[in-house]
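J.: Coordinates for the following, if possible.
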Amino acid sequence: MGDMEDAYLSDLLSYSLERLNKEPELLKADGERVRRAMADVAVSQYRAFVGAADCYGTVRAEVAEIESKLDAMRGALPALRRGCQEFAARAEEISHARSLNRRTLSHHATILDLLEVPQLQDTCIRHGNFDEALDLESFVGKMAVSYATDVPVIRALGDGAKESSDVMLTQLLSRLEGAIQLPECLRIVGYLRRMAVLDEVGLRRTFLRCRETFVAGAG
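T.: Okay, here's the model as predicted:
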């Protein structure tokens with residue numbers, strides 16, 4: 001029991017019998033007085049009660065709206081995360097491409113010279129300058145080994161040099177089948193050995209086959 005109950009109980013014990021008989025009516029009268037006071041307060045302060053109810057309804061609606069937006073935001077977070085990751089990856093690709101373009105621009109003159117190598121190699125082959133053609137092929141081959149994977153231009157140069165080497169191989173074999181002297185035969189064999197397209201046994205067999213072709217045609 002609380003202090004108020006203890007105090008009221010003490011008062012009751014001190015009351016006379018007549019006062020105790022009246023106590024229920026007095027309590028009822030006090031209750032009525034309290035209810036009337038509450039009613040008066042409700043009537044006089046009804047605007048405050050209505051405002052508080054409206055404010056509560058507004059706050060509740062806004063909280064519900066905030067929760068709905070938070071749910072929508074949580075649902076959009078995975079897509080936003082993926083978008084950020086894709087953007088970062090694309091930005092890295094663009095940065096790499098720009099860096100490559102800057103390096104390419106800084107070596108513009110050198111690249112132009114490199115682009116002329118296949119044409120120069122073809123010219124050497126047409127004029128029989130096979131040593132120079134082989135030097136160019138070796139140069140492009142070294143470049144291709146180092147940079148063909150990362151630089152498409154170098155890869156294209158390597159492919160072009162290979163095609164020119166095939167043409168040169170055909171011309172050299174055709175010469176071996178023609179009317180040439182021993183020194184020329186030895187030079188051609190040296191070119192074929194430098195090209196490294198045949199092993200030693202294959203080179204000897206090819207030489208003999210070409211010379212047999214010449215002998216059979218001459219007979």
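J.: Which helix in this structure has the most residues?
T.: If you go by DSSP state H, the chain has its longest helix at helix 46-106.
J.: Just want the angle from whichever helix or strand comes after that helix to helix 46-106.
T.: Toward the C-terminus, helix 46-106 is succeeded by helix 108-115 as the next helix or strand (DSSP states H and E). For helix 108-115 against helix 46-106, the angle by axes from the mean of the first three to the mean of the last three CA atoms, to 10 degrees is 60 degrees.
J.: Identify the residues contacting the helix or strand just after helix 108-115?
T.: Following helix 108-115 in sequence order, the next helix or strand is helix 117-126 (DSSP H and E). With contact meaning CB atoms under 8 Å, 6 or more residues apart in numbering, helix 117-126 is reached by 130, 132-133, 136-137, 139-140, 157, 160-161, 163-164, 167-168, 171. To be clear about C-beta, it is placed using only N, CA and C from the backbone, and glycine gets the same treatment.
J.: and the longest helix of the chain, how far from the chain's centre?
T.: 21 Å (CA atoms, centre = their mean, to the nearest Å).
J.: Could you list the low-confidence segments of this protein?
T.: 1-2, 8, 12-13, 15, 42, 49, 107, 148, 219 (pLDDT under 70).
J.: what separates the spatially most central residue of the chain from His96, distance-wise?
T.: In the chain, the C-alpha nearest the mean C-alpha coordinate belongs to Ala89, at 2.7 Å (CA atoms, centre = their mean). Here Ala89 is placed at a distance of 11 Å from His96 (CB to CB, to the nearest Å).
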